[in-house]
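[1] mind folding the following:
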Amino acid sequence: MKILITGGAGFIGSHVVRLFVRKYPEYQIFNLDALTYAGNLENLKDIERSPNYSFIKGDITDEDFIQQIFAGHGFDRVIHLAAESHVDRSIHSPMDFVRTNVLGTAVLLNAARKFWKDNAEGKLFYHVSTDEVYGSLTDKGFFTEETPYDPRSPYSASKASSDHLVRAYNHTFGIPAVISNCSNNYGSNQFPEKLIPLMINNIIHNKPLPVYGKGANVRDWLWVEDHARAIDVIFHKGKSGDTYNIGGHNEWKNIDIVHLLCQIMDRKLKRTEGTSALLITYVKDRAGHDFRYAIDAGKLKAELGWVPSITFEEGLESTVDWYLANQEWTNHVTSGEYQQYYTAQYSKR
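    Numbering: from 1, shown residues only. Model (predicted):
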């Protein structure tokens, strides 16, 4: 089986690529990534020489290029993770999100339609999406696969649009497709603009810990390696045309996570308890900040047998340990030096 994984050098994508390369040596894994600020080949140094792995540098919005690689490699399946994903960036540059998340998905779907039209047997377009397409919850209730879409940010609106395109191509053109909508991910190799790695990095360097509003916003947190496991299960066992919600069964207020991280970091850095919490700084709330996300992942458990493997506290300890042991990685991504890795590793091939 030849599998194209888009965005495979990113945070979630690199974990999916690593899992598939190691678990399925009989599959050929092609990692397509444009290597923008969040795409980092250093995330995959441990598997880059594997015989069943290939990297392709390219942009999913480049229609001629996408058609070319489909024709050249004959992909059987696609796991589509490439996306602009940071809400704050979408507020400042919404058109970047429309271009990548909407147009890019349409370009991939058109290529799949063209090259699979004569034989869709065994083919699959797996689109990885977000719970943010469902909008915002009050302090009660959960998102299910039947929850009406109500996106509130340019990011979530662009992901909702791409979800609709995948369903339309499945219904109209018969492209075998599944969609999963996940809650907030955390874990190793996450770009330090997101809450947890940002706080870890700032605590290390005694920088202010910016918290939006009062920090009362609630998110459901999913360990990225559990997410990769869920994608594996849905990829192999999911029903074409279906949607599966993936959640961590971990609802936390942002401010509570920050305090927990402060406690963990004080202990691991051997600082006096309460030292890191003094760095907490409340800042103006994000525009249109959704109050609460919470996933009901009951369908995924009942139909495909997936459940999270670790608690949030265990996952957070593991995540902190990784960032403390890999400060050079964080320094590279925050300085931009990571972008030199592609040139050093691939220009001589």
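[2] just how off-centre is stretch 180-194 within its chain?
    Relative to the centre of its chain, stretch 180-194 is centred 6 Å away, using C-alpha atoms, centre = their mean, to the nearest Å.
[3] ugh, typo on my part, it should be stretch 2-9
    Offset of stretch 2-9 from its chain centre (C-alpha atoms, centre = their mean): 13 Å.
[4] quick one: buried residues of that stretch?
    For stretch 2-9, burial by neighbour count (16 or more other C-beta atoms under 10 Å) applies to 3, 4, 5, 6, 7, 8, 9. Glycine gets a C-beta too; all of them are placed from N, C-alpha and C.
[5] narrow these to those in strands?
    3, 4, 5, 6 (DSSP state E).
[6] need those in JSON lines with distance to residue 312 and pLDDT, can you?
    Shown next, in JSON lines, are the ones in strands among the buried residues of stretch 2-9 (distance: C-beta to C-beta, whole Å; pLDDT from 0 to 100):
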{"residue": "3", "distance to residue 312": "30", "pLDDT": "98"}
{"residue": "4", "distance to residue 312": "32", "pLDDT": "98"}
{"residue": "5", "distance to residue 312": "27", "pLDDT": "98"}
{"residue": "6", "distance to residue 312": "29", "pLDDT": "98"}
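[7] which residues in the protein form helices?
    Taking DSSP state H, the helices of the chain run over residues 11-23, 63-73, 87-92, 94-97, 104-116, 154-173, 195-204, 224-237, 254-268, 298-304, 312-325, 327-335, 340-346.
[8] and of these, who's closest to residue 34?
    Taking C-beta to C-beta, helix 104-116 is the member of the helices of the chain nearest to residue 34, at 9.3 Å.
[9] the closest one vs helix 63-73, what angle?
    40 degrees (axes from the mean of the first three to the mean of the last three C-alpha atoms, to 10 degrees).
[10] can you tell me what sits against helix 104-116?
    6, 59-63, 66-67, 70-71, 74-75, 78, 80, 82-83, 123, 125, 127, 162, 165-166, 169, 173, 175 (C-beta atoms under 8 Å, 6 or more residues apart in numbering).
[11] mean confidence score for that helix?
    Per-residue pLDDT over helix 104-116 has a mean of 98.
[12] just the buried residues of it, please?
    104, 105, 106, 107, 108, 109, 110, 111, 112, 113, 115, 116.
[13] understood, closing this out.
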